[in-house]
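Q: Task: produce atomic coordinates for the following.
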Amino acid sequence: MSASEKHILVVDDAISMRKFIIKTLMQQGYREFTEAEDGVQALDILTQSVGGKKIDLVILDWSMPRMNGFELLEKMKNNSLLQTIPVLMVTAESLYDHVIQALRVGAKNYIIKPFTPDLLIEKVEKILR
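A: Numbers count the residues shown, from 1 in each chain. Okay, the predicted model is just below:
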């Protein structure tokens, strides 16, 4: 499956970060994106995708209102219909212990803010290979 056929859910409460991630990945040929501003909205999208349009990757910010990224990751990994969807966690540099927690629960990889477009592309392509 080529990059243009992959569907990526970008979850971050900052619209500027969502736009940066999407713009960066579009330059690499990715074309299908869904956005969510928190874990509650993302869980609704993921639940609705079951049996419908498949989500191939979730890029998930840790720090968000209503339901943070770690809580969503736990819900995904405890749901047999969502647990196989790979997750790239995004966390702030000062919260490195979050990385360890996320990897233990089942995140495929992580990226620490601030990050470069090249690093984002490298992490996404490693997960989707």
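Q: For Ala3, list the residues it contacts.
A: If you count contacts by C-beta atoms under 8 Å, 6 or more residues apart in numbering, Ala3 has them with Gln28, Gly29, Tyr30, Arg31, Leu128. Backbone N, C-alpha and C define where each C-beta goes, glycine included.
Q: Please indicate which of the residues you listed are buried?
A: Buried by 16 or more other C-beta atoms under 10 Å: Tyr30, Leu128, out of the contacts of Ala3.
Q: which two in the contacts of Ala3 are spaced the farthest apart?
A: The largest separation in the contacts of Ala3, counting by C-beta to C-beta, is between Arg31 and Leu128 at 13.5 Å.
Q: so where's the chain shaky on pLDDT?
A: Counting by pLDDT under 70, the chain contains low-confidence residues at 1, 50-52, 93-94.
Q: the strands in it, which residues?
A: 7-11, 32-36, 57-61, 87-92, 109-113 (DSSP state E).
Q: Same list (those) but as CSV, adding distance to Leu72 and mean neighbour count.
A: Formatted as CSV, the strands of the chain follow (distance: least, C-beta to C-beta, whole Å; neighbours: other C-beta atoms under 10 Å):
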stretch, distance to Leu72, mean neighbour count
strand 7-11, 7, 22
strand 32-36, 9, 18
strand 57-61, 6, 25
strand 87-92, 9, 23
strand 109-113, 14, 17
